[in-house]
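Chemist: Please find the sequence and the predicted model below.
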Amino acid sequence: MKPLERISRTEKIVNSLKEYIVSGEFKIGDKFLTEMEISKQLNVGRSTVREALRVLQTMGYIELRPGRGAFVLKTREDEIGNIVNWFTEHGVEIMDFMEVRMSIETLAVRLAAERRTEEHLKEMEELYNEFEQEIKDKKDAVKLALLDEAFHNSIARASNNKLLVSISEKVARAFGDYRRMAFSVTENAIHALEPHKEIMEGIKEKDVKKAESAMVRHLEISLEDIKKVMRANS
């Protein structure tokens, strides 16, 4: 890998590492480079490297094992057919996640509508705008998944309930594969845009019912999107 002279986005590091993985240097199951090795080779900070590795894990290229490092899971790009297969194979798991999300995120949005600050609103609006712009521009599934995760986590933070924030972030991390696969179908990302706006408006107006209703609608649409992809492969 060639050192990167300037790094403005984690995405640049992700792309560099992904190219290295698919170049033939690794086999599935091989131990990947350490944070320190990547940091030295690319001349970037280890915190940025950790974020890039988390993205690669979300993309399915590596598995991060606590205390052991990163291990290669795949060495080539996904094809659209693989996306459909992934949804079918993980159908039960996805439904379990959606039920948990429905409980956690409706609670989070109710509390956020009651307790949010102007700083919380500013963060949500910035993430919403970035998500909207990504849909218009690159439609990068990984970036869209990260922005969607960040948007939902910002709602949890606005609840001002530390335990709920912790639980929400753990569920979001476990849900990373779903988000990436879902947004590989651009239409699904577009479906999230209007509900995000309605959720924000409810929180901004401190209208608990409006915010909760918008969140339920958003999650129901997400569930329908996944069912469509699964039916297409049945």
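Modeler: Happy to help now that I have it. Residues are numbered from 1 along each chain as shown.

Chemist: what number of residues lie near R68?
Modeler: 9 (other CB atoms under 10 Å). Quick note: C-beta positions are derived from backbone N, CA and C, even for glycine.

Chemist: Kindly provide the distance from it to T34.
Modeler: 11 Å (CB to CB, to the nearest Å).

Chemist: got it, and L163?
Modeler: Taken as CB to CB, the span from L163 to T34 is 33 Å.

Chemist: Neighbour count: those two, which is higher?
Modeler: Between L163 and T34, counting by other CB under 10 Å, T34 is the more crowded of the two (14 against 8).

Chemist: Excluding covalently adjacent residues, which one is nearest to the more buried one?
Modeler: Closest residue to T34 apart from its sequence neighbours, by CB to CB, 6 or more residues apart in numbering: G69 at 5.9 Å.

Chemist: My guess is that neighbour contacts D30. True?
Modeler: No - with contacts counted by CB atoms under 8 Å, G69 stays clear of D30, the gap being 10.9 Å.

Chemist: can you give me the helices in this protein?
Modeler: Ranges of helices in the chain, per DSSP state H, are 10-20, 35-42, 46-58, 80-89, 91-115, 118-136, 141-158, 162-174, 176-183, 186-204, 208-232.

Chemist: Identify the residues contacting A108.
Modeler: Neighbouring residues of A108 by CB atoms under 8 Å, 6 or more residues apart in numbering: 152, 155-156, 158-159, 161, 164, 168.

Chemist: State the distance from it to V229.
Modeler: According to CB to CB, A108 and V229 sit 26 Å apart.

Chemist: likewise G45?
Modeler: To V229, G45 is 37 Å away according to CB to CB.

Chemist: Setting the sequence-adjacent residues aside, check what's closest to R217.
Modeler: In space, and not counting its chain neighbours, R217 is closest to P195: 5.8 Å by CB to CB, 6+ apart.

Chemist: likewise L219?
Modeler: Among residues not flanking L219 along the chain, M102 sits closest, at 5.4 Å (CB to CB, 6+ apart).

Chemist: Pull the number of nearby residues for the one you found.
Modeler: Neighbour count of M102, defined by other CB under 10 Å: 15.

Chemist: just checking, P195 touches I221?
Modeler: Yes - assessed by CB under 8 Å, P195 is found in contact with I221 at 6.4 Å.

Chemist: So for these two, which sits in the more crowded spot?
Modeler: Higher neighbour count among P195 and I221: P195, with 18 against 14, using other CB under 10 Å.

Chemist: which residues does that one contact?
Modeler: 214-215, 217-218, 221.

Chemist: Dump the residues you listed into a markdown table; add pLDDT and distance to E119 as well.
Modeler: As requested, the contacts of P195 are exported to a markdown table (pLDDT from 0 to 100; distance: CB to CB, whole Å):
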| residue | pLDDT | distance to E119 |
| --- | --- | --- |
| A214 | 97 | 21 |
| M215 | 97 | 21 |
| R217 | 95 | 26 |
| H218 | 95 | 23 |
| I221 | 93 | 28 |
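
Chemist: so who does the nearest residue to F151 once chain neighbours are set aside touch?
Modeler: Nearest residue to F151 in three dimensions, chain neighbours excluded: L127, at 4.5 Å (CB to CB, 6+ apart). By CB under 8 Å, 6+ apart, the residues touching L127 are 147, 150-151, 154.
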